[in-house]
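In: Any chance you can model this:
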Amino acid sequence: MRPYLAMIVLVSFAVFEAGCDENLSTLAGPTPRLEPTFASIQREIFESTDSSGRLACVNCHTDQGRTPAGLMNLRPEVAYDQIVNVRSVEQPALLRVQPGDPDASYLVHKLEGRVGISGRRMPFTPPYMSEGQILILRRWIEIGAPRN
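Out: Numbering: from 1, shown residues only. Got it, this is the predicted structure:
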């Protein structure tokens, strides 16, 4: 009886795992090439307008001809050092990106429009990032926000 029960548990687990393995391109919606890597987030989110019409973050978060919004510059050569382990200007008790902890990362708070943020949700004007895009960004943070 025990081998039969063990087989049922093993098969059930395999079916559950297969059902949870959602294709990232489907999850990412308007940015189907988005992956939980910094290079992908930089290219697909910070630097690109997506198919939903969400504007590239660097439209406001750049030092090219202006002071970057929130003093956060997301140009490719400086973006990582501007967000990972850096205190938020608006909420100094929080880091912009707290490696390993998306719920403690102020960038996530701003993108999700959480209660208690300073100012407005990002981006200022809709469309906002999709739940899938935010989930992939959260995954990158969960795995330690590597510079990859």
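
In: only C-alpha atoms for contact and neighbour calcs from this point on.
Out: Will do.

In: Can you find the helix or strand of the chain with the lowest average pLDDT?
Out: Here the helix or strand of the chain ranked lowest by mean pLDDT, DSSP states H and E is helix 2-20, holding a mean of 44.

In: what sits against the residue lying closest to Ala39 once chain neighbours are set aside?
Out: Once flanking residues are discounted, Ala39 sits nearest to Asn148: 6.0 Å by Cα to Cα, 6 or more residues apart in numbering. Taking Cα atoms under 8 Å, 6 or more residues apart in numbering, we find Asn148 in contact with 37-39.

In: quick one on the thing from earlier: how far out from the middle of the chain is the helix or strand that the least confident helix or strand of the chain is followed by?
Out: For helix 2-20, the following helix or strand on the C-terminal side (DSSP states H and E) is helix 24-28. Computed by Cα atoms, centre = their mean, to the nearest Å, the chain-centroid distance of helix 24-28 equals 13 Å.

In: can you pull the buried residues of helix 24-28?
Out: 24, 27-28 (16 or more other Cα atoms under 10 Å).

In: hang on, the earlier thing: in helices, which of the contacts of Asn148 appear?
Out: 38-39 (DSSP state H).

In: would you list the contacts of Asn148 in a markdown table and tack on neighbour count, distance to Arg120 and pLDDT?
Out: Below are the contacts of Asn148 laid out as a markdown table (neighbours: other Cα atoms under 10 Å; distance: Cα to Cα, whole Å; pLDDT from 0 to 100):
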| residue | neighbour count | distance to Arg120 | pLDDT |
| --- | --- | --- | --- |
| Thr37 | 18 | 26 | 97 |
| Phe38 | 19 | 24 | 98 |
| Ala39 | 17 | 26 | 98 |
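
In: can you tell me which of the contacts of Asn148 lies nearest to Gly116?
Out: Closest to Gly116 out of these is Phe38 (26.6 Å), distances taken as Cα to Cα.

In: which residue packs closest to the closest one, ignoring adjacent ones?
Out: Asn148 (5.3 Å).

In: now that neighbour: how far from Thr62?
Out: 21 Å (Cα to Cα, to the nearest Å).

In: now the helices for this protein?
Out: Taking DSSP H as the criterion, the chain carries its helices at 2-20, 24-28, 38-41, 79-83, 106-112, 131-142.
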